[in-house]
Each structure stands twice: as structure tokens, then as C-alpha cells.
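Asker: Provided below for reference: sequence and predicted model.
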Amino acid sequence: MSKFKLISTPIPDLYIIEPAVFGDHRGFFMESYNKKEFEEIGLNMEFVQDNHSHSRKGVLRGLHFQAKHPQGKLVRVIRGIVYDVAVDLRKNSKTFGKWFGVILSEENKRMFYVPERFAHGFLVLSEEADFLYKCTDYYYPEYDAGLIWNDPDIGIEWPLEEYGITEPILSEKDRKLPRLRDLKKVDSY
């Protein structure tokens, strides 16, 4: 029996992963990654970089991707709650421009595998959140790119009102990101 349950989404190659969690009165134990176990459920990737992000409620990071050296990401939350979103940017995909979102939290311990050639972002729903991600390629700032979080052509349904967030907190860079239809870098993607 696998230590991980693979859950398909409406977008091919984009998965939710539920780890087996062993808990008792002392707390819990779980594996967050095991190369052999991942291969057994059909996920065969090599991770080269780990990142840790800490944010407060209402922070929206994204939607980011690398125009060259695309990164696959295995993401999870170890403290708090986030709404995590991926947008398919694979040029010849039947789901190009489509999005899928999932709640990740310290309670549900779910992970989200966002493959290469997807834009990725998240909104913090709790007072604070610690967000971890493993990447399949290194970060190259010269290829850093993104999409505006509220692109009407994509139509992401961010759960702002449900969590009492009137306006997301964005970086200056994220405020200026283009819409999908204006994105030139996707052509080389």
C-alpha cells in the first residue's frame, strides 16, 4: 500500500497528493516526499531546490512561472491555510489557459503537484501561513515571468470574501503582470 494517494484534477498532469498520516496523542508523523513511493503512483521527477515562504493573511503571490527552465513544484502548507492555484500554459494543451485551485492547510496536509509550464500562485486565508515547495529546476531571475492574478480571460475564483479579504496584498511586481492574451513569453514555453 502506497504512503501517498494521487488525486486527479480536471487538468491533465496536475495532481493533489494526500500523504498517509500516522497520529496519536503525541502528535503525528508523515512522509512528505519519497522518490520510490512517488514513482509507484506515477510521479517521476527530480527535485533540485526547496523554498519556504512565510506570508500574512490576504497576501497573494503569483501567478508566477519561468519562461525558460520551467519549474515543476510540489507544494504544501505546514502552518495556516492557503488557496493554491495553477494555470495551464502548455501551448498545445487542450486545457491551455484553464485553472484549478485547491485549499492546502496544516490540517488537511494535502500537497499539490504543479508540473512544468504552469503558472502558479496562492492566497493566504489564515492569519499567517508557511508554504513549502520543492522545485524541479533552479530559480533563474532573468526568466521570471507571470500573469496578473485577476485576468478576466482566465477567471480564477479567489475566495476573498469568504475569508474576509477585501483586497489582496500584492508585491509591486505582481501588480504589473500582464494578462494571458498579452503574454509574449508563452510562445517560447
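Answerer: On my side now, so go ahead. Numbers count the residues shown, from 1 in each chain.

Asker: how about the strands in the chain?
Answerer: Using DSSP state E, the strands of the chain run over 4-8, 15-19, 21-24, 27-30, 49-56, 60-66, 73-79, 81-88, 99-105, 111-114, 118-124, 128-135, 144-146.

Asker: Name whatever forms a beta bridge with H54.
Answerer: Using DSSP bridges, the bridge partners assigned to H54 are D130.

Asker: So it sits against A129, correct?
Answerer: Yes. Contact criterion Cβ atoms under 8 Å: H54 and A129 qualify, at 7.3 Å. In short, each C-beta sits where N, CA and C put it, glycine included.

Asker: Run a quick neighbour tally on I41.
Answerer: Residue crowding around I41 was assessed by other Cβ atoms under 10 Å; the count is 14.

Asker: Check the one 5 residues further on too.
Answerer: With neighbours defined by other Cβ under 10 Å, the count for E46 comes to 9.

Asker: go on, H25?
Answerer: 4.

Asker: go on, the one 4 residues further on?
Answerer: Neighbourhood size, F29 [other Cβ under 10 Å]: 10.

Asker: pLDDT at M1, what is it?
Answerer: As predicted, M1 sits at a pLDDT of 67.

Asker: Now stretch 141-157: buried residues?
Answerer: If you call a residue buried by 16 or more other Cβ atoms under 10 Å, then stretch 141-157 has these buried ones: Y143, A145, G146, L147, I148, W149, D151, I154, I156.

Asker: quick one: contacts of the lengthiest helix in the chain?
Answerer: Among the elements of type helix in the chain, defined by DSSP state H, the one spanning the most residues is helix 35-40. Residues outside helix 35-40 that contact it (Cβ atoms under 8 Å, 6 or more residues apart in numbering): S2, K3, F4, E31, N44, M45.
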